[in-house]
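[1] whatever this is, show me its structure:
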Amino acid sequence: MEETKERQEGAETPVKQTKKQLFWEIFRFLLVGGTATLVDYFVFWLFDGLLLPLIPVAGGWWSTFSLVVATALGFCVGLVVNWLLSVSFVFKDVKNKAEASSKKSFMVFTIIGVIGLVITEVGIVLLVAILPEFSLFGVTEILHTSWAKWLAKVVMTCIVLVWNYVGRKLFIFK
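    Below you'll find the predicted structure:
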């Protein structure tokens, strides 16, 4: 009986997050995610719309390969931006701040990100393959990238946004 009482006194009780704290955490998450997404889209456009088309390669495989490379590069740069901003700005109400910003947490963050990258890559390649080429406002591309690619990128961004929040909240920023 005495031992049970000691365990209860020494046990760490989890601090429950208020609805207001959760609201602001999600708001900060979306703000940081928006910033990281802009960085991701810029790097994607830089490679897909400008740099990779400069490489003279024949064959239909190059289009898919360069799409995958541009997507991966944008995602990786966005991931680093997201980590830096998440640790310092988003998940402020965590039990153990040092543990949440440790190398181990970065590895888990990266694994969650890589799963998101795989989901993104598969989704973008599939969507670009099944979406017809179309024009908006009389143009078939914007910034040297087709509307179908941009649409696929936006759809997959929305899907992976949910995965990223849930995964990071459950496994890192408890």
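
[2] can you map out the helices along this protein?
    Counting by DSSP state H, the chain has helices at residues 2-10, 19-45, 61-85, 97-100, 103-130, 147-171.

[3] what's the closest of those helices to Phe137?
    With respect to Phe137, and counting by CB to CB, the nearest of the helices of the chain is helix 147-171 at 9.6 Å. (C-beta placed from N, C-alpha, C; glycine too.)

[4] mean confidence score for the closest one?
    The pLDDT scores in helix 147-171 average 90.

[5] could you give the angle of it to helix 103-130?
    Helix 147-171 runs at 150 degrees relative to helix 103-130, counting by axes from the mean of the first three to the mean of the last three CA atoms, to 10 degrees.

[6] how far away from the center of its chain is helix 147-171?
    A distance of 6 Å separates the centroid of the chain from that of helix 147-171, by CA atoms, centre = their mean, to the nearest Å.

[7] in it, what's buried?
    For helix 147-171, the neighbour count (16 or more other CB atoms under 10 Å) marks 147-153, 156-157, 160-161, 164-165, 167-169 as buried.

[8] what's that helix in contact with?
    26, 29, 33, 37, 40-41, 44, 48, 67, 71, 82, 86, 91, 108-109, 112-113, 115-116, 119-120, 123-124, 127-128, 131-136, 140-142 (CB atoms under 8 Å, 6 or more residues apart in numbering).

[9] list buried residues within those.
    Buried, going by 16+ other CB under 10 Å: 29, 33, 37, 40-41, 44, 48, 67, 71, 82, 86, 91, 109, 112-113, 116, 120, 123-124, 127-128, out of the contacts of helix 147-171.

[10] for this protein, what helix or strand is lowest in average pLDDT?
    When each helix and strand of the chain is scored by mean pLDDT, DSSP states H and E, helix 2-10 comes last, with a mean of 46.

[11] any idea how far His144 is from Ser63?
    With distances taken as CB to CB, to the nearest Å, His144 is found 13 Å from Ser63.

[12] between these two, which one's more packed in?
    Ser63 (14 against 10; other CB atoms under 10 Å).

[13] please report the distance of the more buried one from Leu170.
    Taking CB to CB, one finds Ser63 at 37 Å from Leu170.

[14] what of Val87?
    In this view, Val87 and Leu170 are 17 Å apart by CB to CB.

[15] ends of stretch 87-107, how far apart?
    End-to-end span of stretch 87-107 (CA to CA, to the nearest Å): 13 Å.

[16] try stretch 131-149
    In stretch 131-149, first residue to last residue: 9 Å (CA to CA).
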